[in-house]
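Participant: 3D model of this:
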Amino acid sequence: MRLALFVCAALAVLPPSFAATVEDGVIATLGKRLFPIVSSMDGSRAPATVRAMLTERDRRLAKCADDAACKLDASRWSEEEIGVVSEMAAKNSEAIRRELVGLNAIIDIYGKGGIARYPQIDGPIGKQGSERLANDVAVAALISEVGRDEAIAALDPSIGLALALLDVNHRLDAIAFEPIDGGLNADAFGHARTLDWSRYPYTAIIVLGAGPEDLLTPLSARGKLHVKVAARRYFDGQAPFIILSGGAVHPRETRHVEAVEMRRVLIERYKVPAHAIVIEPYARHTTTNLRNATRLLMAMKAPMNRPALVLSTPQHIDYVESDKFAARNQTELGYQPGKVGKRTSPFDVTFLPSQDSSRVDPLDPLDP
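Facilitator: Take a look at the predicted model:
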């Protein structure tokens, strides 16, 4: 007995065993979100042609020494390099190309101060040519170097650098509410598992966000209008769920997430039960409002051959019905997130979601 106690006491004072790598869980999650294919690839197990190309990239990076600006250029992927990696997994070649082009865009925008797709709400803290941007890039380069042996960057160090650039600019928006079926959505996802969807005309009421234009207002006047109409639709039995779509968008650097604020009002003022509310807290534009809501319906196992109802102001719904909006979807997403159908009131239009919405868009790293 005394020997056992002595052994236990001795073990208690021993230092913990040290793993070969200390992983940053947040960065790993962000990497899997933005680069689901590329971040899972291991360069050491690649064909000889790919390993040779990656070795050459390492040499190029090593020549930069401590020059952070040089590392940005060395980390970009050329068309030829993208083609070599794409051949590694033929069935995922399109996704690999999309992810590496998106990685280049992060380096160009958050490393070099280039123009983001939505410059009013995206982009680095420091402006192009500023001391702030140069300092942030230098720190990001050091962070990526320290984490070079982490699994998320097993293919190439450029992955770690791109993620570090987002991190130093505090742009972890893409994973702020993960897992999306937990937290504020846990009750609704649990309810969906036992639901008879056929009892309702629509699978969900998709409410489009409308952010305020100041940092202090949690929910805009239009947002209050949207939730009032949504509550009426819900209690009329139109759908089992209200999907509230909108991230932390307007103005830039706001801490108020449109979906969260709308949820609070629905519960506090209209007594809508929590199990009937789903937040979609990422979308920053009408294109991704509908795309992300579709992703949630897919995750909830909603019948994809049944329509949802999209709700906003009459002017906004006019836009959703327009050819201009369809063209914008094609330009920015590369597909239509679903089929816009019949106008059922000034505030509503039907929407049949599409499976194409599952495609990740790393060119928009805050809402991929």
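Participant: tell me the average confidence for stretch 142-149?
Facilitator: Stretch 142-149 shows a mean pLDDT of 95.
Participant: So for it, what gets flagged as buried?
Facilitator: Residues of stretch 142-149 classed as buried: 143-145, 147 (neighbour count, 16 or more other Cβ atoms under 10 Å). The C-beta positions use only the backbone N, C-alpha and C, and glycine is treated the same way.
Participant: Adding distance to Ala248, write those out as CSV.
Facilitator: Formatted as CSV, the buried residues of stretch 142-149 follow (distance: Cβ to Cβ, whole Å):
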residue, distance to Ala248
Ile143, 24
Ser144, 26
Glu145, 30
Gly147, 26
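Participant: my read: Met41 touches Ala153, true?
Facilitator: No - distance between Met41 and Ala153: 10.4 Å, which falls outside the contact criterion (Cβ atoms under 8 Å).
Participant: now the strands: where do they sit in the stretch 201-350 of the chain?
Facilitator: Applying DSSP state E, counting those that start in this stretch to the stretch 201-350 of the chain gives strands spanning 205-208, 242-245, 277-280, 308-311, 338-345, 348-353.
Participant: Now the fifth one: buried residues?
Facilitator: By neighbour count on 16+ other Cβ under 10 Å, the buried set for strand 338-345 is 338, 340, 344.
Participant: Contact partners for the last one?
Facilitator: What that stands for is Thr344. 309, 350 (Cβ atoms under 8 Å, 6 or more residues apart in numbering).
Participant: gap between it and Ile242?
Facilitator: Distance from Thr344 to Ile242, counting by Cβ to Cβ, to the nearest Å: 16 Å.
Participant: cool, and Met41?
Facilitator: According to Cβ to Cβ, Met41 and Ile242 sit 39 Å apart.
Participant: quick one: which of these two has more around it?
Facilitator: Neighbours per residue, other Cβ atoms under 10 Å: of Met41 and Ile242, the larger number sits with Ile242, 27 against 20.
Participant: got a pLDDT number for the more buried one?
Facilitator: Ile242 is assigned a pLDDT of 99 by the prediction.
Participant: Cross-check the contact I'm expecting between it and Tyr200.
Facilitator: No - assessed by Cβ under 8 Å, Ile242 is found out of contact with Tyr200, at 12.0 Å.
Participant: Tell me which residue is most central in this structure.
Facilitator: The centroid of the chain falls nearest to Ala174 when counting by Cα atoms, centre = their mean (3.1 Å).
Participant: what ranges of the chain fall below the confidence cut-off?
Facilitator: Confidence mapping of the chain against pLDDT under 70 gives the ranges 1-21.
Participant: which SS state does Thr29 fall under?
Facilitator: Classification of Thr29 using DSSP: H, G, I helix; E, B strand; the rest coil returns helix.
Participant: my guess is it meets Ile175, correct?
Facilitator: Yes - using Cβ under 8 Å, Thr29 is in contact with Ile175, at 5.0 Å.
Participant: Report the separation between the residue nearest to the centre of the chain and Val260.
Facilitator: Using Cβ to Cβ, Ala174 is found at 16 Å from Val260.
Participant: okay, now the domains of the protein?
Facilitator: Here the domain parsing of the chain from automatic domain parsing is 22-174, 177-358.
Participant: ok so, going back, mind checking which of the buried residues of stretch 142-149 are in strands?
Facilitator: Using DSSP state E, no member of the buried residues of stretch 142-149 falls within strands.
Participant: ok, so of those residues, who is nearest Ala230?
Facilitator: Checking the buried residues of stretch 142-149 against Ala230 by Cβ to Cβ gives Ile143 as the nearest, at 42.2 Å.
Participant: isn't the closest one right up against Val168?
Facilitator: Yes - assessed by Cβ under 8 Å, Ile143 is found in contact with Val168 at 7.2 Å.
Participant: what's the nearest residue to Pro314 if we skip its chain neighbours?
Facilitator: In space, and not counting its chain neighbours, Pro314 is closest to Pro346: 4.1 Å by Cβ to Cβ, 6 or more residues apart in numbering.
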